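> Any chance you can model this:
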Amino acid sequence: MRMRSFTMRLRQPAEEPSRRAAPGAADHYAALDPRLRAVHLDRAGDPQAARAYLEAARREAAEYRYAAAQALGRRGLELASEREERFALASLLGEVLHDLGDMPAALASCQEALNAAGSDAERCRALLGVAAVKRVTDDIDGALADLVAAEAIAETHGLTHELARLHLLRGNLYFPSGDIERCLREHGRSLELAERTGSAELAAAALGGLGDGEYMRGRMMSARDRFARCVKLCQDHGLVRIEVAHRPMLAFTSWVAGDGVKAAAEAALAIEMAQRVAHHRAEMIGRHAACFIGLCPYGRL
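This is a model prediction of the structure:
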């Protein structure tokens, strides 16, 4: 009995330190590697683990590592016990899945965020997320209805940033329906509000939307100028995803404007950047532009 008791005393400390040491290791990795910090807190059963997974997922998404962001976000959501954490994680997952192109899963995550919303402001943001997904799935009427509900909240509470995003989304919804005047009006309003709030990201996206609208009504020089401003703002603020989405159109409109040398350089860079962040649609448009430029370097077929 004495030998068995002694053995048990030896074994007990061997199991506990690995769990107790995890939070210390997590603190060490806080700045170096948020993903490892989240994993250590998770293994330690620390209540901060869900928040750590949220921060790690945001970091991965900011670097366009969407698969990693998705995995981290899902694990965080499994652990989240606080309503605020569930809302933030579900919202982030919705954005990541949207960018990955998994619209059914993105819509489910956005709906989960909407269910977890605890304030009018959160409900407004969740509705914008739902509308963004419905736009891609061509549920135009559903998306417009969501924007009407979100707008009532945003106007009541003076949510200028949300209003800028709302008008951007509405402009994007009018674009495929061919309502170019409304498209331009909504993007113009979005740009105005984005500049008021100091959001370079929303301003760049609105400029891209204005470029698309001008392109659709055949004003190629105006379109080129909007796309050029969009790309420049993206470069100044490191907005790679928006830059990648609109640089191919800068190449195409530069070609139409007769600047074949600039157009060819823009198309090559657009393709390279799109491949780097796995933006397949942007790569396709970039290659389309490169094809036209290669056929006729001076903008005429």
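> Show me the shaky parts of the protein.
Confidence mapping of the chain against pLDDT under 70 gives the ranges 1-32, 298-301.
> Domain-wise, how is it divided?
25-116, 117-201, 246-301 (automatic domain parsing).
> In TSV, list those domains along with distance to residue 240 and mean neighbour count.
Using the backbone N, CA and C atoms, a C-beta is placed for each residue, glycine as well. Shown next, in TSV, are the domains of the chain (distance: least, Cβ to Cβ, whole Å; neighbours: other Cβ atoms under 10 Å):
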stretch	distance to residue 240	mean neighbour count
domain 25-116	7	20
domain 117-201	11	19
domain 246-301	6	19
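> Specify the stretch among these that is closest to residue 228.
Nearest to residue 228, of all the domains of the chain, is domain 246-301, at 6.0 Å by Cβ to Cβ.
> separation between residue 101 and residue 278?
Here residue 101 is placed at a distance of 10 Å from residue 278 (Cβ to Cβ, to the nearest Å).
> let me fix that: residue 178
Taken as Cβ to Cβ, the span from residue 178 to residue 278 is 30 Å.
> ok, now residue 51?
Residue 51 is 28 Å from residue 278, where distance means Cβ to Cβ.
> Give me the contact list for stretch 46-56.
In this structure, residues lying in contact with stretch 46-56 by Cβ atoms under 8 Å, 6 or more residues apart in numbering are 22-23, 26, 34-35, 37-38, 41-42, 72-73, 75-77, 79-82, 85, 88-89, 92.
> mind redoing it with 6 Å?
With contact meaning Cβ atoms under 6 Å, 6 or more residues apart in numbering, stretch 46-56 is reached by 23, 34-35, 37-38, 41-42, 72, 75-76, 79-80, 85, 88-89.
> Now residue 146: closest residue in space that isn't a chain neighbour?
residue 131 (4.0 Å; Cβ to Cβ, 6 or more residues apart in numbering).
> Would you reformat the domains of the chain as JSON lines and include distance to residue 227?
Output for the domains of the chain, formatted as JSON lines (distance: least, Cβ to Cβ, whole Å):
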{"stretch": "domain 25-116", "distance to residue 227": "21"}
{"stretch": "domain 117-201", "distance to residue 227": "13"}
{"stretch": "domain 246-301", "distance to residue 227": "4"}
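> Would you mind measuring from the closest residue to residue 220 other than its chain neighbours to residue 219?
Spatial nearest neighbour of residue 220, chain neighbours left out: residue 256 (4.5 Å); criterion: Cβ to Cβ, 6+ apart. Separation of residue 256 from residue 219 (Cβ to Cβ) stands at 11 Å.
> If anything else comes up later, I'll come back, but that's it for now.
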